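Peer 1: Below: sequence and its predicted model.
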Amino acid sequence: MNDPRQPPRRRSWAEPYKVKMVEPLRMTTRAERATALARAGFNTFLLDSDDVYIDLLTDSGTGAMSDRQWAGLMLGDEAYAGSRNFHHLEAAVREHYGFPHVIPTHQGRGAEHLLSQLCIEPGDVVPGNMYFTTTKFHQELAGGRFVDVIIDEAHDPESEHPFKGNVDLAKLRALIDKVGAARVAYLSLETNVNMAGGQPCSLKNVRDTCALCHEHGIKVFLDATRALENCYFIKMREDGQRSRSVKEILRELCSYADGCTVSGKKDCLVNIGGFLALNDDELADRARNLCVVYEGLHTYGGLAGRDLEAMAIGIAESADDDTTRARLGQVAYLGRRLTDAGVPIVRPVGGHGVFLDAARIVEHVPRAQFPAQALTAAIYLDSGVRAMERGTVSAGRDPATGANLIPSLELVRLTIPRRVYTQAHMDVVAESVAAVYEQREAIVGLRFTYEPEHLRFFQARFEPVEGTGILRAPAAASVSSDPPCSG
Ligand code: F0G
């Protein structure tokens, strides 16, 4: 019986699925990790996954499919044209996102490529709510220039704004006035803004932003890669939304826009795939035509029939309140554990991962020596947890001047794959990050030994600016994290 004099006891929740198959993980020693790190040029992208214990590099394509999705793979219709799986995908996208035209692509950047080539003229500007690496790259490749119109709070890791992904309408208006609506290719509106820490936009802001653009004849294309996660934040945080399902909110969100690009490797719960979805008939015809050149026929877009089927099923599974709640709940759990340990992280905790505020954690390393990259390396050395730099290395160079771009946020992303790790894995991660935080002053900065021309964070190699390890020698000698979960 509930005792009305006692505060209600918090009840635990658990995931709405159970484990049917496991993938064994290889445990490594600290000495093995030190060797692997040096071999990888202190870039976690260049590590072999066999050398990784808990892989939080990305939530992209790393999720676990359901038994229904695996069964769907067996229903692949591998016809070159008009596969029935394409029609299943088309129906799922129409039902959940609401756009009539669906063009599959091999992954998100394939859709970004098509959209950028079709809608951007050299010299155009493309406003957006913070850049994403591949999105901005394709906009620049088509001759456009990205302009950030996100609210200022998005650049402040400590701001508790509930919708840090929002567009600043005053910034957008000023940009349109300055360059003229005709020079604005379109507005690129990302849901659950990745580089801001997985931060959502409010439904009201999406509605107002789209209205302003449409008043000026400017189209709005969503990056709806993590739209369902964004919709769960809307449900929990926006006035009047609590009783609606994420499915309903997603339909409304998309109804304001002219189309979207999606990397299916996130929300859609598949290991590969993406799509471009559009309202406009003529633009869709042109997109289908370009798809044939770069991706494959417009009914498979670089994917096998079975991949289309798995994505169609994944969309429906993700558009379920319990699934999305468990997803965000696990990320929030890791965030809470790190906050309790006093580690500076981006607040509020976002949708797809916890972002460590490397600028504050490794204050003594100058931005030119890539503090977030160095912190990522130190975490790997400690426990075999693989994270990703999202700071100065990811920002790249100014295409006009060649100078390093110094973004406001210098972050390490602990990205949580969907339906893959347990709460115990999250505990190991939190304890490892807390241990590295305690020895933060021993972390050494990095310099390039190889810098690729494009999207440099993927393949760059580094060396420590002093010594040979990522930690100064006395600290390196004083710690032992072998094995990661002893005791
Ligand atoms: N848009 C967003 C917001 C993304 O996060 C990504 C990929 C893409 C587009 C491109 O999609 O990889 O399927 O070509 N993000 C991954 C990440 C790479 O780790 O955040 P893709």
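Peer 2: Alright, I've got the coordinates. Numbering: from 1, shown residues only.
Peer 1: Now for residue 97: which residues touch it?
Peer 2: By C-beta atoms under 8 Å, 6 or more residues apart in numbering, residue 97 lies in contact with 224, 227, 250, 251, 254, 260, 262, 277. C-betas here are computed from N, CA, C, even on glycine.
Peer 1: What score does the fourth one have for pLDDT?
Peer 2: This means residue 251. pLDDT for residue 251: 98.
Peer 1: right, and it touches residue 96 too?
Peer 2: Yes: under the criterion of C-beta atoms under 8 Å, residue 251 makes contact with residue 96 at 7.2 Å.
Peer 1: of these two, who's got more company?
Peer 2: Neighbour totals were compared for residue 251 and residue 96, and residue 96 leads with 23 against 16 (other C-beta atoms under 10 Å).
Peer 1: Without its sequence neighbours, what residue ends up closest to the residue of the chain at minimum distance from the ligand?
Peer 2: Proximity of the chain to the ligand (C-beta to the nearest ligand atom) peaks at residue 108, 2.5 Å away. Nearest residue to residue 108, sequence neighbours excluded (C-beta to C-beta, 6 or more residues apart in numbering): residue 263, at 2.7 Å.
Peer 1: can you tell me if stretch 319-338 touches the ligand.
Peer 2: No: Stretch 319-338 stays clear of the ligand (C-beta under 6 Å from any ligand atom), getting no nearer than 13.9 Å.
Peer 1: Next, the buried residues of that stretch.
Peer 2: If you call a residue buried by 16 or more other C-beta atoms under 10 Å, then stretch 319-338 has these buried ones: 319, 321, 323-328, 330-331, 333-335, 337-338.
Peer 1: Can you tell me which of those end up in helices?
Peer 2: Among these, the residues falling in helices (DSSP state H) are 321, 323-328, 330-331, 333-335, 337-338.
Peer 1: Out of the residues you listed, flag the one nearest to residue 420.
Peer 2: For those, the minimum distance to residue 420 (C-beta to C-beta) is 9.7 Å, reached by residue 330.
Peer 1: pLDDT at the closest one, what is it?
Peer 2: You'll see residue 330 listed with a pLDDT of 97.
Peer 1: tell me, how many neighbours does residue 152 end up with?
Peer 2: When neighbours are counted by other C-beta under 10 Å, residue 152 comes out with 12.
Peer 1: Can you tell me which residues in the stretch 251-400 of the chain are near the ligand?
Peer 2: Counting by C-beta under 6 Å from any ligand atom, the stretch 251-400 of the chain sits next to the ligand at 263, 265, 274.
Peer 1: Now tabulate the residues you listed in JSON lines and tack on pLDDT.
Peer 2: Below are these laid out as JSON lines (pLDDT from 0 to 100):
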{"residue": "263", "pLDDT": "98"}
{"residue": "265", "pLDDT": "98"}
{"residue": "274", "pLDDT": "98"}
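Peer 1: Closest to residue 153 out of the residues you listed?
Peer 2: Closest to residue 153, out of all of these and judged by C-beta to C-beta, is residue 263, at 25.4 Å.
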